[in-house]
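**Q** One predicted model, sequence on top.
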Amino acid sequence: MPELPEVESARRTVEEGALDREIADVDDSDTWECRPHAPGEIRDALRGRRLVAARRRGKSMWCETSDDGPLLGLHLGMSGRILVTGPDGERTEGGDWLGGRYGGGAERSDRKPEWDRFTITFADGGSLRLFDKRRLGRVRLDPDLDRLGPDAQQVRVGEFRERVGRGTAPVKARLLDQSVVAGVGNLLADETLWQARLDPRRRVDTLDRDELTGLHRALRRATTAAIRRGGVHTGEVVAHRTPGGRCPRCGEEMQRATVGGRTTWWCPAEQV
DNA sequence: ACTCGTGTTAGCTG
DNA sequence: TCAGCTAACACGAG
């Protein structure tokens, strides 16, 4: 499910396939996904315009629209995908990342049209859809991006140490806080902490400068690798987050607990 | 039937 | 006031 790497993939899907096409119609009738907008509000704001750029910060993405139109915010939530079809109606891009609990192998059920929560129909006959089984995604005009921290892939080491090291929360909770650094989800957090050999329960006020520096390096590396390999589920330790799973470096049995409100797996021998 | 979950956030607590 | 935590959100999968 979407963390920063998957959202970056969705952003590229839009950038490569959905820009500069005239918007003929918009189905924004899913009032939950499009809240707090009333039905028709997003349609009226977009019709006749074009998407002209696709941007991303952390897990949030948005499109700029032509003629000084509003920003179109798209958040994939936990199960959202962006699907773009060309003028012939065939899928050209998107929805192709695999793996995870709701990924891969579910293509047949994935076609259910009622899981299309938001659809832009272009004048050429193609479309852009937000497909979202669990309905935890969001579509909104001019989304509030001010509360997001710097993007996890772009944040510089000094700012990272300053932001992540502040407070007393467990380091994993700090990484998951989107206002601290934007883009880290549960799997990327576990992968990063494993790469950095840090115990996810460590309070950030016990981390020294070198540990924070190493954490920053691990995060950038894990994020870049996940984007390159096609998703956060390709992380080295992710497949071992399971009962009886063993650390792929040392063979110790992985430990499980809830940290920062999320299921957390780590190697008790190496992550200290 | 019942629990869990790759995300976000309102609301509670110390 | 604020940092930190919990429950709730919606709903499919195991």
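**A** Sure, I can see it.

**Q** For chain A, give the residue positioned nearest to DNA strand C.
**A** As assessed by C-beta to the nearest atom of the strand, DNA strand C sits closest to residue A:167 within chain A, at 2.7 Å. C-betas here are computed from N, CA, C, even on glycine.

**Q** For the stretch 151-272 of chain A, what lies in contact range of DNA strand B?
**A** When proximity is defined by C-beta under 7 Å from any atom of the strand, the stretch 151-272 of chain A lies next to DNA strand B at A:178, A:185-187, A:232-233, A:261-263.

**Q** which non-adjacent residue is nearest the residue of chain A closest to DNA strand C?
**A** residue A:204 (6.0 Å; C-beta to C-beta, 6 or more residues apart in numbering).

**Q** looking at it, the one you found is touching residue A:165, isn't it?
**A** Yes: Residue A:204 is in contact with residue A:165 according to C-beta atoms under 8 Å; the separation is 5.3 Å.

**Q** helix or strand right after the helix or strand of chain A at the bottom of the mean pLDDT ranking?
**A** The helix or strand of chain A with the poorest confidence is strand A:91-93; it has a mean of 64 (mean pLDDT, DSSP states H and E). Tracing the chain C-terminally past strand A:91-93 and defining elements by DSSP states H and E, one meets strand A:116-122 next.

**Q** Scan the residues of the stretch 151-272 of chain A next to DNA strand B and report the most crowded one.
**A** residue A:232 (29 neighbours; other C-beta atoms under 10 Å).

**Q** Surely that one touches residue A:7?
**A** No: assessed by C-beta under 8 Å, residue A:232 is found out of contact with residue A:7, at 10.3 Å.

**Q** Chain A: helices as residue ranges?
**A** Taking DSSP state H, the helices of chain A run over residues A:4-17, A:41-46, A:157-164, A:171-176, A:186-196, A:209-229.

**Q** Go through those and name the closest to residue A:131.
**A** Distance to residue A:131, taken as C-beta to C-beta, is lowest for helix A:4-17 among the helices of chain A, at 10.7 Å.

**Q** Next, the buried residues of that closest one.
**A** When burial is assessed from 16 or more other C-beta atoms under 10 Å, helix A:4-17 yields the following buried residues: A:4-15, A:17.

**Q** Could you do stretch A:218-232 as well?
**A** Within stretch A:218-232, the residues that qualify as buried are A:218-220, A:222-223, A:225-227, A:231-232, counting by 16+ other C-beta under 10 Å.

**Q** of all these, which two lie farthest apart?
**A** Based on C-beta to C-beta, the longest span within these runs between A:218 and A:231 and measures 17.9 Å.

**Q** And residue A:204 and residue A:165? Which one has more around it.
**A** residue A:204 (22 against 19).

**Q** ok now do residue A:120, which residues does it touch?
**A** Contacts of residue A:120 were listed using C-beta atoms under 8 Å, 6 or more residues apart in numbering, and they are A:18, A:23, A:25-26, A:46, A:51, A:127-129.

**Q** List only buried entries from these.
**A** When neighbours are counted using 16+ other C-beta under 10 Å, those contain these buried positions: A:18, A:23, A:26, A:46, A:51, A:127-129.

**Q** The nearest residue to residue A:7 once chain neighbours are set aside - how many residues pack around it?
**A** If the residues on either side of it in the chain are set aside, residue A:7 comes closest to residue A:59, at 5.0 Å by C-beta to C-beta, 6+ apart. Other residues lying near residue A:59 total 24 when counted by other C-beta under 10 Å.

**Q** any idea how far residue A:59 is from DNA strand B?
**A** According to C-beta to the nearest atom of the strand, to the nearest Å, residue A:59 stands 4 Å off from DNA strand B.

**Q** what does residue A:76 give?
**A** For residue A:76, the distance to DNA strand B under the criterion C-beta to the nearest atom of the strand works out to 7 Å.

**Q** Please look at residue A:55 and residue A:73 and confirm they touch.
**A** No: shown here, residue A:55 and residue A:73 do not form a contact pair, counting by C-beta under 8 Å, at 10.0 Å.

**Q** CA atoms only: put stretch A:168-183 into CSV for me.
**A** As requested, C-alpha coordinates have been extracted for stretch A:168-183 and formatted as CSV (Å, rounded to 0.1, in the frame of the first residue of the first chain):
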residue,chain,number,x,y,z
THR,A,168,10.8,12.2,23.7
ALA,A,169,8.8,9.9,21.5
PRO,A,170,10.1,6.5,20.3
VAL,A,171,12.1,7.0,17.2
LYS,A,172,9.7,5.0,15.1
ALA,A,173,6.8,7.2,16.1
ARG,A,174,8.8,10.2,15.2
LEU,A,175,9.5,8.8,11.7
LEU,A,176,5.9,8.1,11.2
ASP,A,177,4.8,11.6,12.1
GLN,A,178,4.2,13.3,8.7
SER,A,179,4.7,16.8,10.2
VAL,A,180,8.2,15.8,11.2
VAL,A,181,9.3,14.2,7.9
ALA,A,182,6.7,13.5,5.2
GLY,A,183,6.5,10.1,3.4
